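Student: next one to model:
(chains A and B)
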Amino acid sequence: MAFIELKNVTFTYPNTSSPALDKLSLKVNKGQFVILFGPSGCGKSTLLRLLKNNIQPHGKLSGEIYMNNQLLIDEDATEREIGFVFQDPENQVVADDVLHELVFGMENIGLTANEMRNRLAEMVHFMGFQALLNRKTHELSGGQKQQVNLASVLLMQPNVLLLDEPTAQLDPVSSRDFLSMLVRLNEEFGMTIIMAEHRLEEIIPIADKIVMMEKGSIAIEGSPRKALHHIWCHGEKAYIPSIPSFYMRSLKETGHTQIPLTVKEGRTWLQEHKIPKVNNELASISVDSKEIIKVKNVYYQYDKKEAAILRDMNFSLKKGELYALLGGNGSGKTTFLKLLSGIYKPQQGSITLHNKKMKSWKRQDLVQRIGYLPQNPKLFFLQDTLEKEVRQTIEQWNVSKKAADAILYSLGIYHLCEKHPYDLSGGELQKGALACLLLRKPEVLLLDEPTKGLDPVSKEKLASILINLTKEGITIFMTSHDVEFVAKYATRCGMMFDGTISSEDFPGKFFHGNFFYTTMIQRLFRGLSNELVTEEEAVRAWNQKE
Amino acid sequence: MIQRFDQLHPFVSFFYYFGAIVLLMLLQHPISLSFAFLIIVSIHIAYDKCKSLRQWVPFIFITGLFILLLNPIFNERGRHVVVEILGHRVTLEALVYGGMTGLTIMGIIALFVSYNEVMTPNKLLFLFSKIMPQFAVLLMLTLRFIPLMKRRLDDISTIQQSKGITVVEGPWKNKVKNGLMYVQVLLTYSLEEAIQTADSMKSREYGKHKRSSYEYFRFRSMDVFAIILLCSFLVISIVGRMNGHVYLNVYPVMDSMYMTSLDMTFLLLFCLYLAFPILVQVGGYIRWHLLN
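Tutor: This is a model prediction of the structure:
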């Protein structure tokens, strides 16, 4: 019998009509790595929480959940077997000190000091935490925090690990580190792992089973290749990572046994077919060369004692662009964004908007022309419903109610007006904030990591919104870690390094020389046809071959 | 590694500071208090070359001077009149008494500055978790929460500034209104996020069993030795004080400042007690050089 088994589980939250989980049945064997995915609100989190006794949500539950052939109802015996890691790295932290955080769980279950010391020593070695041990938790990066959270849970020695979108808030590099840790746990220790996750690219090769959920029930489940093929035929194609997607698009009708999941498998497959060296015309999109914002020799530092975060920065933003700034954590992307928005003032150098110095603009005029969408849109809202927030913006900027409604409609969030901002999903929240920004008809939009934590479908929607906005003449500047997104939609990208933008070009040119910082498709075609960066281009090249 | 006072067990440090304050308040003699103040300053020099004390210097001296002057102004008692100003008698007793109180307060402030440096929140937490485990968790959460709230408020103010809602410009009334709005958002946001913290604590079985506490610090033989030494110095000094040594009677009749040899012995013990952190460090230094 399966290790964890759900039989006809139906769960309804209080005061809602439709169930969050609807007659859901699922089997997970011991040692399996299972990935749950699906649009936000499909019941992934509810399912995971139901499996962990002491954080079960309130509501009406019917059906049976077995674990190790035992019914999972207020059973203390099964409780310690399950560890849970949540989405937000920051909010799970209890202590201000890494060491305290790590031992927190062990203290709660009343272990002796000696036992704790042993387990801790082991774990610190396994995770390589020696350097972090005496740091303050708030000094850690998001990725490090999430690893500390994982370690704190692992120290309680669970057999099953449940993770609710653990990498949604992390940049690609730290999320890869985090996932590789999970792979080790699964492969070297046979730990059963059930994880909700959007980004399938990295984990699909190592998953035993992927489960696509839709409206509270399981739409598609099975081994990765089988399930991908199924999704390709019947489901939402946005979820399929680019390499398998490219494979299925180019071969049209195929079985699922050959689908390449990794770059390595993809390259083996490509070698069998001769791809002609396509000289893909590097489409240089002509932009109105009128400069809106110009940055000249800007220096900025937070603290006298620290090194300057921006050094001799030069940059210009042209009208109608969708500029994407890439770069590692702490490279100063967000700082630069805040300088552009006029919140921070450069200590040296100048920033001009329409050839007039930022300093000499009146604040009101500056705010009207430049809209800034922060990484965490929750802090954007001052009012307790979306409607009130919109009304406040209307009053502040003298916009007609009609125009406001039109914007809300076009973003598809009109029906959410009555809701509290914190009850919205990440994508909805972002659109809400975007609506308020668009009300003041800005010329420039500054977006800080707009794709963070969005599922593939919401990401595509965001892209179409952004493209429409550029068509309307709004210039967009965004920071991002999402290489695939940038390669597909940006008109120009820059790389932030060492306090300045070190390279800058059109996406095609920008990515084709890169080795690590590039798209999956580019990695697939490296050496074969260097100019191919996005899936679309690859498919076009394939069709030319025929 | 050179042995330092702050590497001793937190209980030893705590005990030292506790005893030092008790002695400072009991042994009221101008000579002992002057010595005490000098020793405490040297502790700072040995610890971090007075880096932390430096910003307190004006406060310490102003307070000391204030008390030294205030006492003779309000207090006319005493037999030895030093000077008479506008019919107000300034007596030697009042000056001495004021001086002693001033020195005590200066010493205690300087001692607290050092306490703050040595007794990090971590050590305090450790001490508390032995006695009150639940309270220790509360303290830990608070320690994390205060800087967290500050960072969040900074975030809110930058984001709202970019929306044109500021507390730095505009009419006074608007500034207050916006400021209150910031705080409201800060509170709702923090409460909202705290639910997740609660979940994470619950999933790690907080509050289900009797809590144990991790031993961040171990009681070593050095600590035992230190505690015995400190304890005996403290007890002997207190016994001496009860027999009237190292104490200057000011009222009703002021004693002579002269110290007998027995007084001197007790004074020496008191000084040794206070100078304990320096002794530990000097001892460590000597041992280091002998070993290398």
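
Student: near residue B:168, how many other residues are there?
Tutor: Residue B:168 has 9 neighbouring residues, counting by other C-beta atoms under 10 Å in any protein chain shown. For glycine as for every other residue, the C-beta is placed from the backbone atoms N, C-alpha and C.

Student: return the distance of it relative to residue A:531.
Tutor: 50 Å (C-beta to C-beta, to the nearest Å).

Student: same check, this time on residue A:499
Tutor: Residue A:499 sits 31 Å away from residue A:531, going by C-beta to C-beta.

Student: which one's more surrounded, these two?
Tutor: Neighbour count, other C-beta under 10 Å: between residue A:499 and residue A:531, residue A:499 has more, with 21 against 18.

Student: show the contacting residues for that one.
Tutor: Residues in contact with residue A:499, defined by C-beta atoms under 8 Å, 6 or more residues apart in numbering or on different chains, are A:308, A:309, A:310, A:311, A:312, A:313, A:332.

Student: what sits against the last one?
Tutor: Okay, so that is residue A:332. Contacts of residue A:332 (C-beta under 8 Å, 6+ apart): A:300, A:309, A:310, A:496, A:499.

Student: can you put those in a markdown table and add pLDDT and secondary structure?
Tutor: As requested, the contacts of residue A:332 are exported to a markdown table (pLDDT from 0 to 100; DSSP: H, G, I helix; E, B strand; the rest coil):
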| residue | pLDDT | secondary structure |
| --- | --- | --- |
| A:300 | 91 | strand |
| A:309 | 88 | coil |
| A:310 | 89 | strand |
| A:496 | 89 | strand |
| A:499 | 86 | coil |
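
Student: ok, and the most crowded of these?
Tutor: Greatest neighbour count in the contacts of residue A:332, by other C-beta under 10 Å, goes to residue A:310: 25 neighbours.

Student: surely it touches residue A:300?
Tutor: Yes - between residue A:310 and residue A:300 there is a contact under C-beta atoms under 8 Å: 4.2 Å.

Student: overlap in contacts, these two.
Tutor: Joint contacts of residue A:310 and residue A:300 (C-beta under 8 Å, 6+ apart) are A:332, A:335, A:339, A:346.

Student: where in the stretch 401-546 of chain A is pLDDT low?
Tutor: Where the stretch 401-546 of chain A drops to pLDDT under 70, the residues are A:530, A:546.

Student: list the residues that contact residue A:481.
Tutor: The contact partners of residue A:481, taken as C-beta under 8 Å, 6+ apart, are A:171, A:172, A:326, A:449, A:451, A:452.

Student: how about the second one: what's its closest non-neighbour residue?
Tutor: Closest residue to residue A:172 in three dimensions, ignoring its sequence neighbours and counting by C-beta to C-beta, 6 or more residues apart in numbering or on different chains: residue A:481, at 5.3 Å.

Student: give me phi/psi at the one you found?
Tutor: phi -110, psi -10 (degrees, to the nearest 10).

Student: quick one: it from chain B, how far?
Tutor: 20 Å (C-beta to the nearest C-beta, to the nearest Å).

Student: and residue B:31, what does it touch?
Tutor: Shown in contact with residue B:31 (C-beta under 8 Å, 6+ apart): B:257, B:259, B:267.

Student: can you classify the second one as helix, strand or coil?
Tutor: Under the three-state scheme (DSSP: H, G, I helix; E, B strand; the rest coil), residue B:259 adopts coil.

Student: and the pLDDT for it?
Tutor: pLDDT, residue B:259: 85.

Student: is it correct that it is in contact with residue B:266?
Tutor: No - checked against C-beta under 8 Å, the pair residue B:259 and residue B:266 is beyond contact range at 9.1 Å.

Student: list the residues that contact residue A:59.
Tutor: Neighbouring residues of residue A:59 by C-beta under 8 Å, 6+ apart: A:11, A:12, A:13, A:14, A:20.

Student: and it, its phi and psi?
Tutor: phi 150, psi -180.

Student: for the chain, what are the low-confidence residue spans?
Tutor: No chain was given, so I picked chain A. For chain A (pLDDT under 70), the answer is A:1, A:72-79, A:252-254, A:256, A:274-288, A:530, A:546.

Student: wait, I meant chain B there
Tutor: B:1.

Student: tell me where it has helices.
Tutor: Residue ranges of the helices in chain B, as given by DSSP state H, are B:10-26, B:30-48, B:51-54, B:57-74, B:92-118, B:121-131, B:133-162, B:172-203, B:221-242, B:261-274, B:276-291.

Student: how much space between the residue minimising distance to the centre of chain B and residue A:401?
Tutor: Ranked by distance to the mean C-alpha position of chain B (C-alpha atoms, centre = their mean), the top residue is residue B:112 at 1.8 Å. Using C-beta to C-beta, one gets 60 Å for the distance from residue B:112 to residue A:401.

Student: next one: residue A:475
Tutor: Taken as C-beta to C-beta, the span from residue A:475 to residue A:401 is 27 Å.

Student: compare these two and say which is more crowded by neighbours.
Tutor: residue A:475 (24 against 10).

Student: for that one, list each beta-bridge partner.
Tutor: residue A:444 (DSSP bridges).

Student: report the contact partners of it.
Tutor: By C-beta under 8 Å, 6+ apart, residue A:475 lies in contact with A:292, A:317, A:318, A:319, A:320, A:321, A:323, A:443, A:444, A:445.

Student: separation between it and residue A:342?
Tutor: Residue A:475 is 15 Å from residue A:342, by C-beta to C-beta.

Student: now stretch A:479-496, how far from the chain's geometric center?
Tutor: Stretch A:479-496 sits 14 Å away from the centroid of its parent chain (C-alpha atoms, centre = their mean, to the nearest Å).

Student: what do you get for stretch A:425-438?
Tutor: Distance of stretch A:425-438 from its chain centroid, counting by C-alpha atoms, centre = their mean, is 16 Å.

Student: same thing with stretch A:364-372?
Tutor: Here the centre of stretch A:364-372 is set off from its chain's centre by 28 Å, with C-alpha atoms, centre = their mean.

Student: go on, stretch B:271-280?
Tutor: In terms of C-alpha atoms, centre = their mean, the centre of stretch B:271-280 is set 16 Å apart from its chain centre.

Student: ok, stretch A:177-186 next?
Tutor: With C-alpha atoms, centre = their mean, you get 18 Å for stretch A:177-186.

Student: before we move on, what about stretch B:247-266?
Tutor: Worked out by C-alpha atoms, centre = their mean, stretch B:247-266 lies 28 Å from the chain centre.

Student: only the buried residues of it, if you could.
Tutor: B:247, B:248, B:250, B:254, B:259, B:263, B:266 (16 or more other C-beta atoms under 10 Å in any protein chain shown).

Student: quick check: the two most widely separated of those?
Tutor: Distances among the buried residues of stretch B:247-266 were taken as C-beta to C-beta; the most separated pair is B:254 and B:266, at 19.8 Å.

Student: could you point out the longest helix in chain A?
Tutor: From DSSP H, the single longest helix across chain A is helix A:172-189.

Student: and that one, how far from the chain's centre?
Tutor: In terms of C-alpha atoms, centre = their mean, the centre of helix A:172-189 is set 17 Å apart from its chain centre.

Student: what residues does that helix touch?
Tutor: Here helix A:172-189 makes contact (C-beta under 8 Å, 6+ apart) with A:31, A:33, A:127, A:141-144, A:146-147, A:150, A:154, A:161, A:163, A:166-167, A:170, A:191, A:193, A:195, A:199, A:202-203, A:206, A:328-329, A:481-483.
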